[in-house]
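Novice: structure for the following, please:
(one chain, ligands or ions: 1)
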Amino acid sequence: MGGQRLHGSVRVTGAKNSVLKLMAAALLAQGTTTLTEVPDILDVEIMAELLRRLGCGVDHDGPGRRVSITVPKTLAHRADYDLVRRMRASICVLGPLLARCGAAEVALPGGDNIGSRGLDMHILGLQKLGAEVNNEHGYLIATCQQRLTGGSIWLDFPSVGATETLLMAAVTASGVTVIENVAREPEIVDICALLINMGAVIDGVGTSTLRIEGVDHLDPVVHRTVSDRIVAGTWAIAAAMTLGDVTILNSDPMHLQVALDKLVDAGAQVSVLPDGFRVIMDKRPLAVDVVTLPYPGFPTDLQPQFIALNSIANGAALVTENLFEARFRFVQELARLGADVRTDGHHALVRGRAHLSGAPVEATDIRAGAGLVLAGLVADGTTTIYGVSHLDRGYSDFVPALLGLGAHVDRIEADSLFT
Ligand code: EPU
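Specialist: Predicted coordinates for the structure are as follows:
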């Protein structure tokens, strides 16, 4: 039910896009690695199942807050299609499996609802480290002689996934690896922190060039997952859209600098607190242009939420999507609520409307789902969002958190919609 002003505080847990890779990195060290601040989300369950099938023990302590992964001496090295098709991020076991086992077989994930997603940089980089990589029967089959060897790699684009694959492959390779034009996301810095703690030697963390000196082996550790900047950003945009006053805890506003600056341009007051930040909005937002770029640019994972904001803003805004070509698909759903959005290639022109009107809509991916929830919070009447399982993949306890901030929201099992 739209129309409630969100107010109060919400605590963010660890980042989905970090914890999945941290779980994969645990494979590099025999013994028990423990991760804390683990979000209670579906993708963590899928990754846990994948690790179990590789031979690991995976234990949850409390409702998803702490996960311990016990890695045996000998691992299986195949990630099956039935899991990879459910979670594309499963590809992140490729690097660690190759490094640990000298072989990895990982199902090709294919495209998804946000577009085709290449793996060419993962493959070329692994080849530079001495691996042989082939595509057979829908699987990437990678092998290497005993140990990978250090090498020089240039990424054509600062891909998050390729940076992670190559980093995890290089930390135990023989010799030095230099990877240039790497991604610099806080999640990459987090995985570097874990690996360094395990005994890896990595220079240039947080810059565009990583220099990795291979070590013989890594040890298991306890590691706290970096906070989820995209979940924090989603709450910040929700506060601005609902003329709310929301304090976001356990979050580093430095990880959201561009997005928070855009909210200030839209008219919000953003104040930094010791353990997070607060967003207050007291007037209809102004439309703001947004261009998605690799970090530290504006994150593509907040683009749908920002289109939702612009759809009720005063004025018109141009939103440019540079990472995932199909991420504008969701605007057709937003249009069902009355939003005025025109897309042309990777640009979307959003003309703000004073009102949206509630309607049934379908979430097609995690962030599209988040964008639709935000729009539903401000639309007149009731918005029913189908496909919320997408939200389960990335937002832990979303409905309770919304209720805690004063939203009128309910989760309904699909069958009961017809009773
Ligand atoms: N790309 C290639 N070849 C490659 C690798 C990437 O062409 O070898 C292209 C992709 O097709 C895409 C672009 O480069 O168009 C960006 O891909 P990148 O590798 O940077 O992204 P990713 O690792 O596949 C992660 C997050 C995404 C997030 C992006 C960008 C995970 C599990 N996923 O994806 O998160 O949008 O980085 O920041 O970490 C989400 O959480 O909703 C989500 C999609």
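
Novice: got the contact list for stretch 254-263?
Specialist: If you take C-beta atoms under 8 Å, 6 or more residues apart in numbering as the criterion, stretch 254-263 is touched by 186, 226-227, 229, 232-233, 236-237, 240, 253, 270, 277, 279, 288, 290, 296-299, 302, 306. C-beta coordinates here come from the backbone N, C-alpha and C atoms, glycine included.

Novice: which among these end up buried?
Specialist: By neighbour count, with 16 or more other C-beta atoms under 10 Å, the contacts of stretch 254-263 hold 186, 226-227, 229, 232-233, 236-237, 240, 253, 270, 277, 279, 288, 290, 298-299, 302, 306 as buried.

Novice: among the residues you listed, name the ones in helices.
Specialist: With helices defined by DSSP state H, the entries of those inside them are 186, 229, 232-233, 236-237, 240, 306.

Novice: near the ligand, which residues of the stretch 251-400 of the chain?
Specialist: For the stretch 251-400 of the chain, the contact set with the ligand under C-beta under 6 Å from any ligand atom comprises 300-301, 323-324, 366-367, 394.

Novice: before we move on, what SS does the residue of the stretch 151-300 of the chain found nearest the ligand have?
Specialist: Of all residues in the stretch 151-300 of the chain, residue 161 sits closest to the ligand, at 2.9 Å by C-beta to the nearest ligand atom. Following DSSP: H, G, I helix; E, B strand; the rest coil, residue 161 is assigned to helix.

Novice: ok, how many other residues are close to it?
Specialist: Residues near residue 161, counting by other C-beta atoms under 10 Å, number 22.

Novice: I'd say it and residue 122 touch.
Specialist: Yes: here residue 161 lies in contact with residue 122, judged by C-beta atoms under 8 Å, at a distance of 6.6 Å.

Novice: between those two, what contacts are shared?
Specialist: Between them, residue 161 and residue 122 share the contacting residues residue 91, judged by C-beta under 8 Å, 6+ apart.

Novice: and residue 317, that's in a helix?
Specialist: No: counting by three-state DSSP, residue 317 falls outside a helix, being strand.

Novice: what sits against residue 409?
Specialist: Contacts for residue 409 (C-beta under 8 Å, 6+ apart) come out as 1, 373, 399, 402-403.

Novice: ah, wrong one, I meant residue 223
Specialist: Going by C-beta under 8 Å, 6+ apart, residue 223 touches 22, 33-36, 193-194, 197.

Novice: that older thread, ok, which pair from the ones in helices among the buried ones among the contacts of stretch 254-263 is furthest apart?
Specialist: 186 and 240 (21.9 Å; C-beta to C-beta).

Novice: coming back round to it: okay if I get the ones in helices among the buried ones among the contacts of stretch 254-263 as TSV plus pLDDT?
Specialist: Below are these laid out as TSV (pLDDT from 0 to 100):
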residue	pLDDT
186	98
229	98
232	98
233	98
236	98
237	98
240	98
306	98
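
Novice: kindly indicate which of those residues lies nearest residue 170.
Specialist: Each of these was scored against residue 170 by C-beta to C-beta, and residue 186 proved nearest at 20.4 Å.

Novice: nearest residue to that closest one in space, please, no chain neighbours.
Specialist: Leaving aside its sequence neighbours, residue 186 sits nearest to residue 255 (C-beta to C-beta, 6 or more residues apart in numbering; 4.7 Å).

Novice: for this structure, give me the ranges with low pLDDT.
Specialist: 62-64, 110-112, 114-116, 415-419 (pLDDT under 70).

Novice: what's the domain layout of it?
Specialist: For the chain, automatic domain parsing gives the domain ranges 7-13+228-418, 16-213.

Novice: between those domains, which one is nearest to residue 222?
Specialist: domain 16-213 (4.5 Å).

Novice: that closest one: end-to-end distance?
Specialist: 28 Å (C-alpha to C-alpha, to the nearest Å).

Novice: residue contacts, residue 47?
Specialist: Taking C-beta under 8 Å, 6+ apart as the criterion, residue 47 is in contact with 19-20, 23-24, 87, 89-90.

Novice: switch the cut-off to 10 Å
Specialist: Shown in contact with residue 47 (C-beta atoms under 10 Å, 6 or more residues apart in numbering): 16, 19-24, 41, 58, 67, 69, 83, 87, 89-90, 92-93.

Novice: give the helix, strand or coil label for it.
Specialist: Following three-state DSSP, we place residue 47 in the helix state.

Novice: state the distance from it to residue 84.
Specialist: Taking C-beta to C-beta, to the nearest Å as the measure, residue 47 falls 11 Å from residue 84.

Novice: so residue 153 bridges to which residues?
Specialist: Beta bridges link residue 153 to residue 179 when assigned by DSSP bridges.

Novice: residues near it, how many?
Specialist: By other C-beta under 10 Å, the residues close to residue 153 number 23.

Novice: swap in residue 163?
Specialist: Residues near residue 163, counting by other C-beta under 10 Å, number 28.

Novice: repeat for the one 5 residues further on
Specialist: A total of 26 residues lie near residue 168 under the criterion other C-beta under 10 Å.

Novice: was I right about it contacting residue 162?
Specialist: No: taking C-beta atoms under 10 Å as the definition, residue 168 is not a contact partner of residue 162, at 11.0 Å.

Novice: okay, and the common contacts of the two?
Specialist: Shared contacts of residue 168 and residue 162 (C-beta under 10 Å, 6+ apart): residue 95.

Novice: help me confirm that residue 196 comes into contact with residue 204.
Specialist: No: distance between residue 196 and residue 204: 11.8 Å, which falls outside the contact criterion (C-beta under 10 Å).

Novice: show me where this protein has helices.
Specialist: 16-25, 42-53, 81-84, 94-101, 120-128, 160-170, 186-198, 229-241, 257-265, 303-311, 331-336, 366-378, 389-392, 398-404.

Novice: and the first one with helix 229-241, angle?
Specialist: So that's helix 16-25. Relative orientation of helix 16-25 versus helix 229-241 (axes from the mean of the first three to the mean of the last three C-alpha atoms, to 10 degrees): 170 degrees.

Novice: and the stretch 101-250 of the chain, which residues reach the ligand?
Specialist: Checking the stretch 101-250 of the chain against the ligand by C-beta under 6 Å from any ligand atom, the hits are 117-122, 157, 159-162, 183.

Novice: quick check on the residues you listed: which are buried?
Specialist: Those of these that meet the buried threshold are 117, 119, 121-122, 159-162, 183, by 16+ other C-beta under 10 Å.
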